[in-house]
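J.: please find the sequence and the predicted model below.
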Amino acid sequence: MLIFLFYTKNNVDFTQFLLRLELTIGAKMNKKQLVAKISSTLGQSKADAERTFDSITTIILDALKNDDTVKIAGFGTYKVAKRKARVGRNPRTGESIQIAASQKVKFLPAKSLKEMFNR
């Protein structure tokens, strides 16, 4: 899948971009560190990389708010899952409680992503 980056005016293959980030397995990365990696990988300033990152996350969040599914080939799918109201039990007292209906975001990894970690 090609993603058009608004600030660089370049087409980027998202799967190859993720592979080029060279993320270390098991290491934790915050937004600042991720933006720095994006900046060095794309040869952008950190400000441009942060705007690019923020644009992508905003687009994904807006789509999810509208109950759309976001599929990124070679990476995975984000979708909103609706949970029905149900009766549960308080584990401490055994008392029945009513659990309200809710929504959550699910991420389903693509086959190629699963295979990358299960060789």
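T.: All right, it came through fine.
J.: going forward, measure contacts between C-alpha atoms and count neighbours the same way
T.: Fine.
J.: how about stretch 45-59 as CSV, C-alpha atoms only?
T.: The C-alpha trace of stretch 45-59 is given here as CSV (Å, rounded to 0.1, in the frame of the first residue of the first chain):
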residue,chain,number,x,y,z
SER,A,45,13.2,17.5,9.9
LYS,A,46,11.7,16.3,13.2
ALA,A,47,9.0,18.9,12.9
ASP,A,48,8.0,17.6,9.4
ALA,A,49,8.2,14.0,10.7
GLU,A,50,5.9,14.8,13.7
ARG,A,51,3.4,16.6,11.4
THR,A,52,3.4,13.5,9.2
PHE,A,53,2.9,11.1,12.1
ASP,A,54,0.2,13.3,13.6
SER,A,55,-1.6,13.4,10.2
ILE,A,56,-1.6,9.7,9.9
THR,A,57,-2.8,9.1,13.4
THR,A,58,-5.6,11.7,13.0
ILE,A,59,-6.7,10.1,9.7
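J.: so for that stretch, what gets flagged as buried?
T.: 46, 48-50, 52-53 (16 or more other Cα atoms under 10 Å).
J.: pLDDT of that stretch, averaged?
T.: Per-residue pLDDT over stretch 45-59 has a mean of 95.
J.: circling back to that earlier point, let's see which of the buried residues of stretch 45-59 end up in helices.
T.: Secondary structure defined by DSSP state H assigns 46, 48-50, 52-53 of these to helices.
J.: and the closest residue to A110 other than its chain neighbours, backbone torsions?
T.: Setting aside the residues directly before and after it, A110 is nearest to G76 in space (Cα to Cα, 6 or more residues apart in numbering), at 4.3 Å. G76 has phi and psi values of phi 160, psi -170 when expressed as degrees, to the nearest 10.
J.: F107 is in contact with T77, isn't it?
T.: Yes. At 5.6 Å, F107 and T77 qualify as touching, with contact defined as Cα atoms under 8 Å.
J.: before we move on, back to that, could you dump the buried residues of stretch 45-59 to JSON lines with distance to S39?
T.: Output for these, formatted as JSON lines (distance: Cα to Cα, whole Å):
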{"residue": "K46", "distance to S39": "5"}
{"residue": "D48", "distance to S39": "8"}
{"residue": "A49", "distance to S39": "5"}
{"residue": "E50", "distance to S39": "8"}
{"residue": "T52", "distance to S39": "10"}
{"residue": "F53", "distance to S39": "10"}
